[in-house]
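Chemist: The following block contains a protein sequence and its predicted model.
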Amino acid sequence: MSQDQKPKVLEVSNLENQDAKWTSLKKIRWQDEKGKIRFWEMAERTTRSEANVDAVAILAIVPIDGSPHVLCQKQFRPPIGKFCIEIPAGLVDSKESCEDAAIRELREETGYVGTVMDSTTVMYNDPGLTNANLKIILADIDMSKPENQNPQQQLDDGEYIENFPIKLSSLQEELFSLEKKGFAIDVRLSTFALGLHAGLKYLSS
């Protein structure tokens, strides 16, 4: 991935709902368990698909030298002003299934063609702040297939994504190392790494 210059945040300003394309700010009036009327502020995703799922993230497993690796990404995220270490992800299009969206996003962002192996339940990113949700799709990448020999990204204008593998057995350690280097770590990847670490620690004994 080539870039002319380092990305950076130039300005942060208030945004009115009528000018927003992807999200809106809402005020919720609700009643608690004691019958008291309360109010809550939320950010609402405005592009939800007919599948009632906003997005998918793809946990793509790639075999390298006989060992399973997870396909990770590095891209600049303006809301945090940092490069973030993530897994491939994207919005589910209208009338598109989560599985189809995962295969499409994987191919567009990485060039690889994968096979869906499993998925999570619908998960809510930050339910105290937003209604945004997603599914994580587990995908297998068969490196012996011709279409995976020379993967080519199909990125949209303004997308700059660098893909790289991390060995599953050292994922937790590598993420801590990347954080020390100044990278932000996406919650989905970090949670998977901790779950993998905990599973190996408690279920193997």
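Modeler: Done, it's in.

Chemist: And the helices in the chain, which stretches?
Modeler: 98-110, 171-180, 187-202 (DSSP state H).

Chemist: To residue 57, which of these lies closest?
Modeler: Among the helices of the chain, helix 187-202 comes nearest to residue 57, with 5.1 Å by CB to CB. C-beta coordinates here come from the backbone N, C-alpha and C atoms, glycine included.

Chemist: Now do that closest one, average pLDDT.
Modeler: Helix 187-202 shows a mean pLDDT of 94.

Chemist: can you state the direction angle for that helix and helix 171-180?
Modeler: Interaxial angle, helix 187-202 versus helix 171-180 (axes from the mean of the first three to the mean of the last three CA atoms, to 10 degrees): 140 degrees.

Chemist: Quick one: list the elements packing against helix 187-202.
Modeler: strand 67-77, strand 82-86, helix 171-180 (3 or more CB pairs under 8 Å, 6 or more residues apart in numbering; DSSP states H and E).

Chemist: Just name the most buried of the ones you listed.
Modeler: strand 82-86 (a mean of 19; mean count of other CB atoms under 10 Å).

Chemist: beta partners of residue 62?
Modeler: Counting by DSSP bridges, residue 62 is bridged to residue 69.

Chemist: May I ask you to confirm that it is in contact with residue 88?
Modeler: No. Counting by CB atoms under 8 Å, residue 62 does not reach residue 88; the two are 11.7 Å apart.

Chemist: Throw the helices and strands packed on helix 187-202 into CSV and include mean pLDDT and distance to residue 133, thanks.
Modeler: Output for the helices and strands packed on helix 187-202, formatted as CSV (pLDDT from 0 to 100; distance: least, CB to CB, whole Å):
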stretch, mean pLDDT, distance to residue 133
strand 67-77, 97, 19
strand 82-86, 98, 17
helix 171-180, 98, 24
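
Chemist: mind checking pLDDT for residue 158?
Modeler: 87.

Chemist: quick one on the thing from earlier: and the helices and strands packed on helix 187-202: which comes nearest residue 19?
Modeler: strand 67-77 (20.9 Å).

Chemist: Next, the residues that contact the closest one from outside, please.
Modeler: Strand 67-77 has contacts (CB atoms under 8 Å, 6 or more residues apart in numbering) with 7, 58-63, 82-88, 109-110, 112, 141, 159-169, 171, 183-184, 189, 192.

Chemist: again, 7 Å this time
Modeler: 7, 59-62, 83-88, 109-110, 160-168, 171, 184, 189 (CB atoms under 7 Å, 6 or more residues apart in numbering).

Chemist: out of these, which are buried?
Modeler: 59-62, 83-88, 109-110, 161, 163, 165-166, 168, 171, 184, 189 (16 or more other CB atoms under 10 Å).

Chemist: quick check, distance from stretch 9-28 to the centre of its chain.
Modeler: 21 Å (CA atoms, centre = their mean, to the nearest Å).

Chemist: And the contacts of that stretch?
Modeler: 39, 40, 41, 42, 43, 44, 45, 46, 47, 78, 81.

Chemist: Now it: buried residues?
Modeler: Buried, per 16+ other CB under 10 Å, within stretch 9-28: nothing.
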